[in-house]
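Colleague: when you get a sec, could you give me coordinates for this:
(chains A and B)
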Amino acid sequence: MRLLLHAVTTADAGGPLPTGLRGQQCVCVEVAALVAWATPFLDAPAEPFGRVDLLEHHAIVSSLATELDGVLPARFPTWLADEDALRGELESRQADFVEALERVRGRVEIAVTAVWTAAPDAIPPPEAATPGRKYLLGRQQAFSGSDKRRERAHALADQTERLVGDDLVDVRHQVCPSATVALSSAVLVPRASAEDIKALLFREELDVRILINGPWPPYTFAAVV
Amino acid sequence: MQPEASLSLSAPGPDEMSLLELADRLLNRGVVLTGAATISVAGIDLIYLGLNVVLTAVENLKTPPRTGGRQGHGDAAAASRGHDG
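Modeller: Predicted structure coming up:
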């Protein structure tokens, strides 16, 4: 029986097993201080996974995160051949999992996304005597505009860290990840402070719209090295 | 399964952007165990248009994980408290 892994958590669960994907009952595999939560599938899913499955996986992980101190979400979709394979993974990397769980214990992730509200400034094409020179001047203009946006995005990242202040446990920034997004940040904060921090982070800016999401399970900070 | 999102090249709205951020995390981050991944998430790729960073997640879905060893993370380059990009 194949297993679709949802999360690895601390072993302090007391409630009933959650419902897994597509109405299946979750199974859990315990190894010492660790519990892995997964949905069993007898065969390959009849229908390929889609958005509904993705959101169900998120709901399962979120539910675990509200009940347990430490949750390491699994990247979707992570398959294991069977319970023995899952147990083997937990045993062989037990110390790594315990260390990672300590890092995220009692903490949640808040997503900060800054979206440009205007297109880049339209600059008239440069005048030049030769096509080659005109091309190079045009490239110079494009890079210069892009540098300004990048600089602004870095300033937004710094501002985000300042606003979170002492509650900032960890942070990852992606600066200008696309033409429309100035900044995509993941901020790890204590669960108890999450709502206050969301209110702090929400702000009006002239050139970007700030979107705040979460608190979510610590997806970005669950890496096990 | 039919794609659930329509193809649009316009800038995503706030709700759509929030979904993109979440999908990016679900597909591109988190613990990776050595398993046999089945890479077939229909419809997911369409909701990523407009956020280039998430396109890497779609690529991850198409790439089978290595077997017999640990697997890296797509965001590993983003250093703690650092800026990538």
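Colleague: if you skip the residues just before and after it, what's nearest to A:V108?
Modeller: A:P215 (3.7 Å; C-beta to C-beta, 6 or more residues apart in numbering or on different chains). Every residue, glycine included, has its C-beta placed from N, CA and C.
Colleague: just the element for that neighbour, please.
Modeller: If you go by DSSP states H and E, A:P215 is part of strand A:208-216.
Colleague: show residues contacting that strand.
Modeller: For strand A:208-216, contacts defined as C-beta atoms under 8 Å, 6 or more residues apart in numbering or on different chains pick out A:58, A:62, A:108-117, A:152, A:156, A:182-183, A:189, A:191, A:194-195, A:198, A:201-204, B:14, B:17-18, B:21-22, B:25.
Colleague: give me the mean pLDDT for that strand.
Modeller: Averaging the model's pLDDT scores along strand A:208-216 yields 93.
Colleague: if you count neighbours, what's buried in that strand?
Modeller: By 16 or more other C-beta atoms under 10 Å in any protein chain shown, the buried positions in strand A:208-216 come out as A:208, A:210-216.
Colleague: now swap in stretch A:3-16 and tell me
Modeller: Buried positions in stretch A:3-16, judged by neighbour count with 16+ other C-beta under 10 Å: A:3-10, A:13.
Colleague: please apply the same query to stretch A:18-37.
Modeller: By neighbour count on 16+ other C-beta under 10 Å, the buried set for stretch A:18-37 is A:18, A:20-21, A:26-29, A:31, A:34-37.
Colleague: and the end-to-end length of it?
Modeller: 9 Å (C-alpha to C-alpha, to the nearest Å).
Colleague: that stretch - what's its average pLDDT?
Modeller: Averaged across stretch A:18-37, pLDDT comes to 91.
Colleague: other residues contacting that stretch?
Modeller: Contacts to stretch A:18-37, defined as C-beta under 8 Å, 6+ apart, come from residues A:3-11, A:13, A:17, A:38-41, A:45, A:53, A:56-57, A:60, A:63-64, A:83, A:86-87, A:89-91, A:94, A:97-98, A:101.
Colleague: from the contacts of strand A:208-216, which would you call buried?
Modeller: If we count by 16+ other C-beta under 10 Å, the contacts of strand A:208-216 have these buried: A:58, A:62, A:108-116, A:152, A:156, A:182-183, A:189, A:194, A:198, A:201, B:17-18, B:21-22, B:25.
Colleague: Three-state assignment for the residue of chain A most remote from its centre, please.
Modeller: Centroid-distance maximum for chain A: A:A129 at 49.9 Å, with C-alpha atoms, centre = their mean. State at A:A129, reduced to three classes by DSSP: H, G, I helix; E, B strand; the rest coil: coil.
Colleague: could you pull out the helices for chain A?
Modeller: With helices called from DSSP state H, chain A shows them at A:51-67, A:83-92, A:94-104, A:131-164, A:194-201.
Colleague: weakest of these by average pLDDT?
Modeller: Comparing the helices of chain A by mean pLDDT, the weakest confidence falls on helix A:131-164, with a mean of 85.
Colleague: in that one, what's buried?
Modeller: A:149-150, A:152-154, A:156-157, A:159-160, A:163-164.
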